[in-house]
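pasting the sequence and the predicted coordinates here, then a few questions.
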Amino acid sequence: MQHGRPGPILLVDDQADVSEVLRTALVLEGYEVVVASNGFEALTMIDDLPTPSLIVLDLMMPVMNGWEFREAQLRNPRLADVPTIILSALRSGQTDELLAPAITLAKPLAAERIVETVRSLIGPPDRHG
């Protein structure tokens, strides 16, 4: 369990329209969200951020895709245990064991679904911070 102020949610998706809908939904709920457009950008940003409280990760992206990011995440002691939600247009069963124990949600998805899943994983936002 993290102590002190929780880190932001890291949203990694190359589709700006998807990122904006999900970011807006989470911010309206009171969560802090930072957005990266690919895995490489996300890994670069992480050094300057508190440890994320949650990572929302698209699989299909240019530069560094979700699988490559996930490999780097699991090798990084700071990120390995961060809860992760995988966004994928692939049908269930087409993802691989590298993604476990992450939760996989199928795209397209309603913003309410991501908010519900985030709340179930990390609880309500800290409205006192």
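Great, that's in hand. Numbering: from 1, shown residues only.

just checking, which helix or strand of this protein averages the lowest pLDDT?
strand 103-106 (a mean of 64; mean pLDDT, DSSP states H and E).

residues near the residue lying closest to L43 once chain neighbours are set aside, how many?
Leaving out its chain neighbours, the residue that sits closest to L43 by Cβ to Cβ, 6 or more residues apart in numbering is A72, at 5.9 Å. (C-beta placed from N, C-alpha, C; glycine too.) A72 has 15 neighbouring residues, counting by other Cβ atoms under 10 Å.

ok so A72 is a helix residue?
Yes. Under DSSP: H, G, I helix; E, B strand; the rest coil, A72 falls within a helix.

so for R23, what's the nearest residue that isn't a sequence neighbour?
Closest residue to R23 apart from its sequence neighbours, by Cβ to Cβ, 6+ apart: V33 at 4.8 Å.
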